[in-house]
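Asker: Quick one: sequence plus predicted model below, questions after.
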Amino acid sequence: MNNGGSTANGNSFAEAVDKAMGVKHEATHVSAPSPAPASISNAPCTPPEVLASGSEPTAPYKIVKNEYYEPISSFELPEDFTEFRSHAEPMMCHLYKYDEKDDADIDLNKPCISLDCANFIYKAVESYLSSGTVSGLSQFQPIDRDHILFKAKNVNYYGKIVAFYGLYLGDRSEKNYWGLCMTYCRDAVGTPLEKKLTAILDHAAETYNEE
C-alpha cells in the first residue's frame, strides 16, 4: 500500500498537510510549553558541520525497509541517512551524516529518523483514535491517510525535538501504535537544517508502505 506521491494538481503530500494546517490549525492546535533556549549549558547541541549542512541540497532518495518487526514496512530516505543501532532500537533507526566515530559516541546529537513506540507516541495515537485529538504536543494536525493518522511535535523530549507522524501498524484493531519520528537538537529550530529535516520526514510519511 502506497500513501501516494504528488496529487493530480501538483501538490505534494506535505503541501496538502500545510494547506490543511492553514485551514484547521486554529481549531486543532494543542498548547505546549515553548522549547527552552538552545543556549542552556546542558542542552544537546548539533555538531557544527551537521548544523551547517542544512543549506546543502538533499541527497538522492533510496528505499529503506524495516524487517525487524511485522508487518514489514518501508519508506524513502536520502542516501546520507545510514542505518544505525537498529538492533538497540524498538525498530529501525537511520542516522544523518554517519561516520565511524559515531559508533563510540553514547551522547550522539546528530538527527535521526526512526520508527518508535515511545510512551508519549503510543498515548498520543491512542488518544487520537478515541477522541480525535491529543494533548501535550505542538503543531498537531490530523492526516488520516491510510495508516498515517496525524502529525505532531514533542518540543522537549530529553532536551530534543521529536517531530513525528502517528500511525498504526497492520490492522488498527491490534493497537500497534507507533510514530515515524525525526529527532534533532533544539539548536536546529528555525534553521535551514530544521526545514530540510521536516521535508525529509514529510517525504518518508508520503512514501510509507506496508507489505
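Answerer: Noted; the coordinates are in hand.
Asker: What ranges does the chain have for its strands?
Answerer: Assigned by DSSP state E, the strands in the chain fall at 61-66, 73-78, 81-83, 93-96, 112-116, 138-145, 148-157, 160-168, 177-185, 209-210.
Asker: Can you point out the buried residues in stretch 77-94?
Answerer: Residues 77, 78, 80, 81, 82, 84, 86, 91, 92, 93, 94 are the ones in stretch 77-94 that count as buried (16 or more other CB atoms under 10 Å). All C-beta spots, glycine's among them, are computed from the backbone N, C-alpha and C.
Asker: can I assume the third one is in contact with residue 95?
Answerer: No - the criterion here is CB atoms under 8 Å, and residue 80 misses it with residue 95 at 9.5 Å.
Asker: Next, give me the two most distant ones among the buried residues of stretch 77-94.
Answerer: Across the buried residues of stretch 77-94, no pair lies farther apart than 80 and 91, at 20.5 Å, counting by CB to CB.
Asker: Could you list the low-confidence segments of the protein?
Answerer: Counting by pLDDT under 70, the chain shows low-confidence ranges at 1-41, 86-90, 104-107.
Asker: The same query, at a cut-off of 80, please.
Answerer: Along the chain, segments meeting pLDDT under 80 span 1-42, 68-69, 85-91, 101-107.
Asker: for it, which residue is closest to the average position?
Answerer: For the chain, the residue sitting closest to the mean C-alpha position, by CA atoms, centre = their mean, is residue 181 at 2.7 Å.
Asker: which residues touch it?
Answerer: Applying CB atoms under 8 Å, 6 or more residues apart in numbering, we find residue 181 in contact with 113, 114, 115, 116, 121, 162, 163, 164, 201.
Asker: And those, which is closest to residue 45?
Answerer: Nearest to residue 45 among these, with distances taken as CB to CB, is residue 162, at 16.8 Å.
Asker: Thought residue 154 was touching the closest one, still the case?
Answerer: Yes - between residue 162 and residue 154 there is a contact under CB under 8 Å: 4.4 Å.
Asker: Let me have the strands of the chain in TSV, adding distance to residue 50 as columns.
Answerer: As requested, the strands of the chain are exported to TSV (distance: least, CB to CB, whole Å):
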stretch	distance to residue 50
strand 61-66	19
strand 73-78	13
strand 81-83	12
strand 93-96	7
strand 112-116	11
strand 138-145	23
strand 148-157	19
strand 160-168	14
strand 177-185	9
strand 209-210	29
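Asker: For residue 49, which of the ones you listed is the nearest?
Answerer: strand 93-96 (11.3 Å).
Asker: what lines up beside the closest one in the sheet?
Answerer: Strand 93-96 has the following sheet partners, assigned by DSSP bridges: strand 81-83 (antiparallel), strand 112-116 (antiparallel).
Asker: Check the offset of the shortest one from the chain's centre.
Answerer: Mean C-alpha position of strand 81-83 versus that of the full chain (CA atoms, centre = their mean, to the nearest Å) differs by 15 Å.
Asker: ok, now stretch 193-201?
Answerer: That offset, for stretch 193-201, works out to 9 Å (CA atoms, centre = their mean).
Asker: Can you point out the buried residues in that stretch?
Answerer: Quick answer for stretch 193-201 (16+ other CB under 10 Å): 193, 194, 196, 197, 198, 200, 201.
Asker: This completes my enquiry, with thanks.
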